[in-house]
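# I'll drop the sequence and a predicted model, then ask my questions.
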Amino acid sequence: MKFFVKMLSATALFSCAFGAHALSDQATPDQSPVPQMPHTQPGLHLVLNAGMTYGGDSIYTATYTSGGSTSIKAGSLVQLGIGGLYQFENNPLALMLSANYHFDSSTASNGDMSFNRFPIEALAYYTGKERFRIGGGMRVVNSPESSLTINGATTKYTFDNTTGLVVEVGYQMAPRGWLNFRFVSEKYQVKTSNGINVSNQGWKSVNGSHVGVNFTYEF
């Protein structure tokens, strides 16, 4: 399958009986208390992250010869990361620092296209609510680069490193596992085109803002 490419298109039953009965909150033989989810233990934890994102401007748009199209977006598609999380013992606060690889790509018989970057994220969470956490922070996106190869010819864009803002809400699915929903706001400015510096030529910035969902496992 081949493609042609357009670039930078920017949520009781009750039983009743006569007589008076005393109410008790103690467990009966056929009723057990619902166990609570254990909180993250205080101290330092290794964390692994994996998730999907979507959003931002289209960097490349490919039209397949058989019909249909696909786009590489500045806010998509897969983010993988590793880092450390520190849960304070006497305060409902956790801090996480992670290194990540964020990419989007597509391949056809006559070429491929991709957008790759390496975000470093520093986030703070309020952890005083059982099974929930909410937080945010910033991410510094390093070495953002897009590449298009079609019929042997390659076009590359590099972008200036950029800083984005992150807002995240997490739900504890397992003692060590969190499902997180996030929003990221960031923009990219083109730096070079095929090795030629174009940063002073008035190129419009590329919107990389996106929404995402990821899973975090704590060791």
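Looks like it came in fine.
# shouldn't G135 be in contact with K129?
No - applying CB atoms under 8 Å, one finds G135 not in contact with K129, separated by 11.5 Å. Every C-beta, even on glycine, is put in place using the N, C-alpha and C of the backbone.
# Between those two, which has more neighbouring residues?
Ranked by neighbour count (other CB atoms under 10 Å), G135 and K129 place G135 first, with 20 against 10.
# residues in contact with the more buried one?
By CB atoms under 8 Å, 6 or more residues apart in numbering, the contact set of G135 is A94, L123, A124, Y125, Y126, V167, E168, G170.
# Next: E121.
E121 neighbours (CB under 8 Å, 6+ apart): G81, G83, M96, L97, S98, N100, G137, M138, R139, V166.
# Spatially nearest residue to G195 (excluding sequence neighbours)?
K156 (7.5 Å; CB to CB, 6 or more residues apart in numbering).
# tell me which element that neighbour is part of?
strand 153-159 (DSSP states H and E).
# Same check on R117?
strand 111-129.
# buried sites along that strand?
G111, D112, M113, S114, F115, R117, F118, P119, E121, L123, Y125, T127 (16 or more other CB atoms under 10 Å).
# Over to stretch 172-187?
Those would be Q172, W178, N180, R182, F183, V184, E186, K187, for stretch 172-187 by 16+ other CB under 10 Å.
# who touches it?
With CB under 8 Å, 6+ apart, stretch 172-187 has contacts from 37-38, 51, 53, 75, 131-133, 139, 141, 162-171, 205-219.
# again, 6 Å this time
37-38, 131, 162, 164-171, 205, 207-218 (CB atoms under 6 Å, 6 or more residues apart in numbering).
# circling back to that earlier point, the contacts of G135 into a markdown table, with extra columns for pLDDT?
Formatted as a markdown table, these follow (pLDDT from 0 to 100):
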| residue | pLDDT |
| --- | --- |
| A94 | 98 |
| L123 | 98 |
| A124 | 98 |
| Y125 | 98 |
| Y126 | 98 |
| V167 | 98 |
| E168 | 98 |
| G170 | 98 |
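# Quick one: those as CSV, columns for distance to S146 too.
What follows is those, written out as CSV (distance: CB to CB, whole Å):
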residue, distance to S146
A94, 34
L123, 26
A124, 31
Y125, 32
Y126, 36
V167, 26
E168, 26
G170, 31
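# ok, back up a step: chain center to the strand holding R117: distance?
5 Å (CA atoms, centre = their mean, to the nearest Å).
# was I right about S105 contacting G111?
No - judged on CB atoms under 6 Å, S105 makes no contact with G111 at a distance of 11.4 Å.
# so how many other residues sit close to G137?
Using other CB under 10 Å, G137 is surrounded by 17 other residues.
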